[in-house]
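**Student:** Provided below are the primary sequence and the corresponding predicted coordinates.
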Amino acid sequence: MNVRKEKDGRLVIPGEPLSVIEEFMPGPGTYVDEKRGQVKAEYVGRLHIDLKERRIAVKPVAPLRIPQVGRIVVGQVVSMDDKYAMIRFPSGKFTGFFTGVLNISMVSRRFVKSMFDVCRVGDIVRAQIVSLANGFCHLSIIGRHLGVIYANCTQCGKPLELKGGSLYCPRCMRVERRKVALGYGKFRGEFIEDSHTRKGR
């Protein structure tokens, strides 16, 4: 990957590698894939390279639907550590993605030692936007209807099944821990849900 050969203004797609983090800083419309050390496009847009500031960004080709506090969103865990998880969710049909921050303090009313007991990279999570402070979407999964709604086994990749309150792999017999949402396993590909449609659940 050679950013110097990249064409400023070209169209990029979500998840497309744009640079290595040693060469360019991530700007608006990008995110960092820490595992691969790459800056990637967050949504469909035009590439913008600032050689002076050593920053790479993506300008959306369509107006983004700005997330609203209180909205229920469904997205995928893209990175995490013991205390937080980054969840990427679409902003609207064909308009791109946002990334929300889920802090360990917003996963349960009870003490939780590690975020790895809550979710794993690749899991599909239903969460609520609780704040847009400092330009970030802050998320919460406190509540029975919020949490992981689809997960694969971290050992063999088989979809995990919910049995007796635990997630169980039918292939390798592994049992894994997650903060499971009400309705786990009924995920059908929908990514954005309106909070008004979930009343009464």
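**Tutor:** Happy to help now that I have it.

**Student:** Quick check: chain neighbours aside, which residue is closest to Val12?
**Tutor:** Ala41 (4.3 Å; C-beta to C-beta, 6 or more residues apart in numbering). Quick note: C-beta positions are derived from backbone N, CA and C, even for glycine.

**Student:** Is the one you found in contact with Arg10, as I believe?
**Tutor:** No. Assessed by C-beta atoms under 8 Å, Ala41 is found out of contact with Arg10, at 10.8 Å.

**Student:** For the two, list the residues in contact with both.
**Tutor:** With contacts taken as C-beta atoms under 8 Å, 6 or more residues apart in numbering, Ala41 and Arg10 have Leu47 as neighbours in common.

**Student:** the more surrounded of these two?
**Tutor:** The residue with more neighbours, out of Ala41 and Arg10, is Ala41; 23 against 9, by other C-beta atoms under 10 Å.

**Student:** Next up, the contacts around the more buried one.
**Tutor:** Neighbouring residues of Ala41 by C-beta under 8 Å, 6+ apart: 12-16, 18, 29-30, 47, 58.

**Student:** now swap in Arg120 and tell me
**Tutor:** 77, 80, 151, 154, 176, 178.

**Student:** about what we covered before: widest-spaced pair of the contacts of Ala41?
**Tutor:** The span of those, defined through C-beta to C-beta, is set by Gly15 and Leu47 at 13.9 Å.

**Student:** of these two, who's got more company?
**Tutor:** For Gly15 versus Leu47, neighbours defined as other C-beta under 10 Å are more numerous around Leu47 (22 against 15).

**Student:** how does this structure divide into domains?
**Tutor:** 3-60, 72-198 (automatic domain parsing).
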